[in-house]
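S.K.: Need coordinates for the following:
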Amino acid sequence: MLHARPELFAAPNHGFAWIRMIGALLVIYGHSSPLVGSGELFPPEWPVQPDEGVLMGFFALSGFQITESWMRDPHALRFAVKRVLRLWPPMLTVSVGMALVVGPMITTLPVGEYFRAHETWGYIVNNAGLLTLRHDLPGVFESNPWPDAVNGSLWTLPMELLAYGGLFVLLLLGTARKNLRWLAVLALIGLVAWDRHLEQIPGAESAGSLLSVPVESLVAFLVAFAAGVLLNLYRIPLSPLAAGAGLVVLVVMGNTITASAWMAFAVSYAVIVAGHFWPAKLTVPGVWVNGSYGVYVWGFPVQQLLALAGIRDQWLMLLCAAPIAYVLGTLSWKYVEDPTMRLRHLLTPAPATRPDPAEAPTETLRTDDLAPSRDRAPGEATTSLRQPPRRPSPAPGDRGVGEVFMKTSPPPGQPAPRRLPGQRGEAPRGRHARPEPGRYGDPNRLDRR
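M.R.: Now for the predicted structure:
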């Protein structure tokens, strides 16, 4: 989207990174109460669960961002590899670290018996399969208030994988093309109908599970994911006023069945709007906010270790767990996620000749992905319009939000064209540059997932 005053807003990919980090820290807050044994943070009979809304925001961002990834590079193999490089490395790192490093130090079993146990190696193998998650290690966290759960945060990752798979099928069918976008609308309608049907069945997760995936939660999160996809495909206008009104309506509805249906749409729209309207004054070095996925997957084990150490107050748990998880998440970004996502460039063919700017494929700007990513997230990021690569490339300090370079240098051996009397000069560059109306749109690229 194009802002009237782009200098007031950060690049949307940076806004999305902030939102994912805030969401990951809110998940730690939501886990603090049950993990210290003081019960659920919110009454389980509430149809609208605030912590569920946070997870819906993650899924909406993910749907929005990876749709943009396909729109910029509709290549099936590269798309699949990008998803693998985003989803698996952090999850495998935390699973191997807990099974082979932390587990032997805190297990109640002798170390030799711990390593001989099939459950130890099954934890790694099952989690590597993602759809076959295993949550317990032998002798680990058995006496905690929430026993036998090494990393409960991983439960949403199989749902993310299934969401990727469903979108992948739709995109292969041509959903990204204008005349076939109705397929995505039809999918959303079907998911909403299924979700409302499951909501009427008494009992939590009464629909059972698909391998390690609870069906009722899966369908609810897929609704938010599909909403993010449609917001991207149809370039639905983004308005802070409309987003705020949607959240106000959600609060006024109270804890009702209708509110639980509205929550997915209100939250999905609000988080995507917030990413596009994030204040420029809150721009920080990317490494400070890019580690949201690592914060998410490391937060639960850190809290279980603190509970094992004797912490039984939820606020003290939050105060201790949040900074530790933040450091681990930042390290995960710097040494696991960023390096592995760079590998996606190995599959990107280099152009044989210098492309014409009017026909060149769009460039992927390095920005941030949960999921809470380089190809995005979002990590789990994207803007609403696309543009060809910038030429010439500006210095980092000269790249302003909303800046578009309209002119290119003349071909070698040809003089620069003369400017006729009364003809306008080149548009200004920098933070106050404005794109020419009707041209390529906003360069703030969000295809980080």
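
S.K.: Run through the chain and note the low-pLDDT ranges.
M.R.: The chain contains residues with pLDDT under 70 at 44-48, 203-207, 348-449.

S.K.: which residue ranges form the helices in it?
M.R.: 12-35, 50-72, 76-97, 103-106, 111-116, 118-129, 157-172, 182-200, 215-233, 240-253, 257-276, 292-308, 314-332, 338-342 (DSSP state H).

S.K.: Against residue 298, how distant is residue 323?
M.R.: Plainly put, residue 323 is 12 Å away from residue 298 if you go by C-beta to C-beta, to the nearest Å. Just so you know, the C-beta spots here come from the backbone N, C-alpha and C atoms, and that holds for glycine as well.

S.K.: So between the two, which is more surrounded?
M.R.: residue 298 (29 against 12; other C-beta atoms under 10 Å).

S.K.: how close does that one sit to residue 36?
M.R.: For residue 298 relative to residue 36 (C-beta to C-beta), the value is 18 Å.

S.K.: Equivalent analysis for residue 247, please.
M.R.: Applying C-beta to C-beta to residue 247 and residue 36 gives a distance of 30 Å.

S.K.: Kindly report the same for residue 14.
M.R.: Distance from residue 14 to residue 36, counting by C-beta to C-beta: 34 Å.

S.K.: Also residue 344?
M.R.: In this structure, residue 344 and residue 36 are 40 Å apart, going by C-beta to C-beta.

S.K.: higher neighbour count, these two?
M.R.: residue 36 (23 against 19).

S.K.: Not counting its neighbours along the chain, what's nearest residue 312?
M.R.: Nearest residue to residue 312, sequence neighbours excluded (C-beta to C-beta, 6 or more residues apart in numbering): residue 36, at 4.9 Å.

S.K.: That neighbour reaches residue 310, doesn't it?
M.R.: No. Assessed by C-beta atoms under 8 Å, residue 36 is found out of contact with residue 310, at 10.0 Å.

S.K.: CSV please, covering the helices of the chain and showing distance to residue 151.
M.R.: Listed next are the helices of the chain as CSV, based on distance: least, C-beta to C-beta, whole Å:
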stretch, distance to residue 151
helix 12-35, 11
helix 50-72, 16
helix 76-97, 6
helix 103-106, 11
helix 111-116, 17
helix 118-129, 8
helix 157-172, 10
helix 182-200, 26
helix 215-233, 17
helix 240-253, 30
helix 257-276, 24
helix 292-308, 5
helix 314-332, 12
helix 338-342, 20
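
S.K.: give me the number of residues near residue 283?
M.R.: The burial count for residue 283: 16, using other C-beta under 10 Å.

S.K.: Contacts only, for it.
M.R.: 10-11, 14 (C-beta atoms under 8 Å, 6 or more residues apart in numbering).

S.K.: Among those residues, which one has the most neighbours?
M.R.: Counting neighbours by other C-beta under 10 Å, residue 11 comes out on top of these with 29 neighbours.

S.K.: Dihedrals phi and psi, that one?
M.R.: Per-residue torsions, residue 11: phi -60, psi 140 (degrees, to the nearest 10).

S.K.: quick one, what contacts residue 133?
M.R.: Residue 133 makes contact with 126-127, 154-155, 157-158, 212 under the criterion C-beta under 8 Å, 6+ apart.

S.K.: how much space between it and residue 309?
M.R.: Distance from residue 133 to residue 309, counting by C-beta to C-beta: 26 Å.

S.K.: before we move on, what about residue 270?
M.R.: Taking C-beta to C-beta, one finds residue 270 at 37 Å from residue 309.

S.K.: who's more crowded, the two?
M.R.: residue 270 (22 against 9).

S.K.: what residues are up against that one?
M.R.: Residues near residue 270 by C-beta under 8 Å, 6+ apart: 57, 243-244, 246-247.

S.K.: how does it look with 7 Å?
M.R.: When contacts are counted by C-beta atoms under 7 Å, 6 or more residues apart in numbering, residue 270 touches 243, 246-247.

S.K.: Quick one, which of those residues are buried?
M.R.: Those of the contacts of residue 270 that meet the buried threshold are 243, 246, by 16 or more other C-beta atoms under 10 Å.

S.K.: Which one of the contacts of residue 270 is nearest to residue 182?
M.R.: The nearest member of these to residue 182, counting by C-beta to C-beta, is residue 246 at 24.0 Å.

S.K.: what's the residue nearest to residue 312 in contact with, if anything?
M.R.: Residue 36 touches 145, 307, 311-314, 317, counting by C-beta under 7 Å, 6+ apart.

S.K.: Only whichever of the residues you listed are buried, select them in ChimeraX.
M.R.: Here is the ChimeraX command that selects the buried residues among the contacts of residue 36 (16+ other C-beta under 10 Å):
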select :307,311,314,317
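
S.K.: So which of the contacts of residue 36 is the closest to residue 137?
M.R.: Nearest to residue 137 out of those is residue 307 (C-beta to C-beta; 15.2 Å).

S.K.: Now do the contacts for that closest one.
M.R.: Residues in contact with residue 307 (C-beta under 7 Å, 6+ apart) are 35-36, 144-145.

S.K.: Please tell me how far residue 345 sits from residue 78.
M.R.: For residue 345 relative to residue 78 (C-beta to C-beta), the value is 10 Å.

S.K.: So between those two, which is more surrounded?
M.R.: Neighbours were tallied for residue 345 and for residue 78 using other C-beta under 10 Å; the higher tally belongs to residue 78 (19 against 11).

S.K.: ok, and the closest non-adjacent residue to that one?
M.R.: According to C-beta to C-beta, 6+ apart, the nearest residue to residue 78 is residue 347 (5.0 Å).

S.K.: mind checking how far that neighbour is from residue 75?
M.R.: According to C-beta to C-beta, residue 347 and residue 75 sit 8 Å apart.

S.K.: now do residue 157
M.R.: 24 Å.

S.K.: neighbour-wise, which of these two wins?
M.R.: Using other C-beta under 10 Å, the more surrounded residue of residue 157 and residue 75 is residue 157, with 24 against 13.

S.K.: show me what contacts the more buried one?
M.R.: 87, 91, 130.

S.K.: Please apply the same query to residue 150.
M.R.: Residues in contact with residue 150 (C-beta under 7 Å, 6+ apart) are 98, 135-137, 140-141, 301, 304.

S.K.: Show the contacting residues for residue 127.
M.R.: Counted by C-beta under 7 Å, 6+ apart, residue 127 has contacts 91, 95, 133-134, 154.

S.K.: again, 8 Å this time
M.R.: Residue 127 sits next to 91-92, 95, 133-134, 154 when contact means C-beta under 8 Å, 6+ apart.

S.K.: Over to residue 27?
M.R.: 51, 54-55, 153, 296, 299 are the contacts of residue 27 under C-beta under 8 Å, 6+ apart.

S.K.: go again using 7 Å as the cut-off
M.R.: Residues counted as contacts of residue 27 (C-beta under 7 Å, 6+ apart) are 51, 54, 153, 296, 299.
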